[in-house]
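Quick one: sequence and predicted model below, then my questions.
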Amino acid sequence: MMNYSPGPPPPPGTSAVSAAGLTVVRGPRTVLRSLDFTVPPGQITGLLGPSGCGKSTLMRSIVGTQAKVTGTLDVLDHPAGHPALRSRIGYVTQAPSVYDDLTVRQNLDYFAAILDPGRAAADRRHENVTSAIADVDLTTHADALAGNLSGGQRGRVSLAVALLGTPELLVLDEPTVGLDPVLRRDLWALFHHIAATRGATLLISSHVMDEAERCHRLLLMRQGEILADGTPESLRTRTGADTVEAAFLHLVDEANEGDARNEKEPTR
Ligand SMILES: Nc1ncnc2c1ncn2[C@@H]1O[C@H](COP(=O)(O)OP(=O)(O)OP(=O)(O)O)[C@@H](O)[C@H]1O
């Protein structure tokens, strides 16, 4: 179902995303608090943490759609939001952005025409659209109206749109929510295939901890802060836990104890 041609390997020692002192204020609240982290190129980095911890805000900052971002945030060697990044990043939000009154193929044809316009590119567009539909396993639904698809299928149409431009960085906000176990497994296989064959970087948010085990690296978040950053293996080893879920709970308990100690200490 997948047919990507290999991309060039990423230059060694670089980061796809690099943040220092990244802070975001939304309304009256500081929702990201001075984050320092990097996302290595050509790998799958999982962004995990409980609902409301700031995962979507962080992703929006990286793709350049978040207001009131301060600190340093570099993406593919440009400041986040730089116009040169538009065609290099694929972003899939939690709410699928598809036209309900168009079929799956028409949705993709529309976005393909924006990305790669002109009559001369018609054959290439057709090929790219067909392979993106196959990648997300919607070939048998290509002529169905998007409005008649299930939530998970609509999400996969959005993912296919993001794949059209062969982005170097794919930012996927909870792409497997509401999907059955077989589709989740197939999507994770697709993510690994994209990283391995194209050298693309994937940043994928989830609050399903078993998905953490499928990532090369993890950023664990809690209350607008990065709680831990490392491979699943290193997080398990560091905490003496058997699973990433247990490691995460251990780290949360540790952070809560630290907070409680700080609250008890008298201010001078
Ligand atoms: N417009 C706003 N004004 C004030 N606070 C906001 C606003 N939008 C979001 N927030 C707060 O920012 C925090 C981070 O939200 P965000 O959507 O980034 O979290 P999340 O980790 O992606 O959550 P989920 O997993 O539920 O999608 C939340 O506590 C939310 O209540």
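Noted; the coordinates are in hand.

Show me what from the stretch 1-150 of the chain comes close to the ligand.
Contact residues (C-beta under 6 Å from any ligand atom) of the stretch 1-150 of the chain with the ligand: 26-27, 29, 31, 49, 51-57. To be clear about C-beta, it is placed using only N, CA and C from the backbone, and glycine gets the same treatment.

and those residues, which two are the farthest apart?
Largest separation among these by C-beta to C-beta: 27 and 49, giving 20.0 Å.

Between the two, point out the one with more neighbours.
The neighbour count for residue 27 versus residue 49, taken as other C-beta atoms under 10 Å, is higher for residue 49 (24 against 6).

Which residues are in contact with the more buried one?
Residues counted as contacts of residue 49 (C-beta atoms under 8 Å, 6 or more residues apart in numbering) are 55, 207, 220-222, 227.

Let's see which of those end up in strands.
Mapping the contacts of residue 49 onto strands (DSSP state E) picks out 220-222, 227.

Check these and tell me the two furthest apart.
Farthest pair in the ones in strands among the contacts of residue 49, by C-beta to C-beta: 220 and 222, 7.1 Å.

buried stuff in the helix or strand hosting residue 130?
Element membership for residue 130 (DSSP states H and E) is helix 122-135. The neighbour-count check on helix 122-135 (16 or more other C-beta atoms under 10 Å) flags 125, 128-129, 131-133, 135 as buried.

cool, stretch 36-52 as well?
37-49.

How many residues are close by the residue lying closest to residue 58 once chain neighbours are set aside?
When the adjacent residues along the chain are set aside, residue 58 lies closest to residue 32, with 6.1 Å between them (C-beta to C-beta, 6 or more residues apart in numbering). Under the neighbour criterion other C-beta under 10 Å, residue 32 is assigned a count of 25.

residue contacts, the closest residue to the ligand within the stretch 101-250 of the chain?
Residue nearest to the ligand within the stretch 101-250 of the chain (C-beta to the nearest ligand atom): residue 207, separated by 5.6 Å. The neighbours of residue 207, taking C-beta under 8 Å, 6+ apart as the test, are 48-51, 55, 174.
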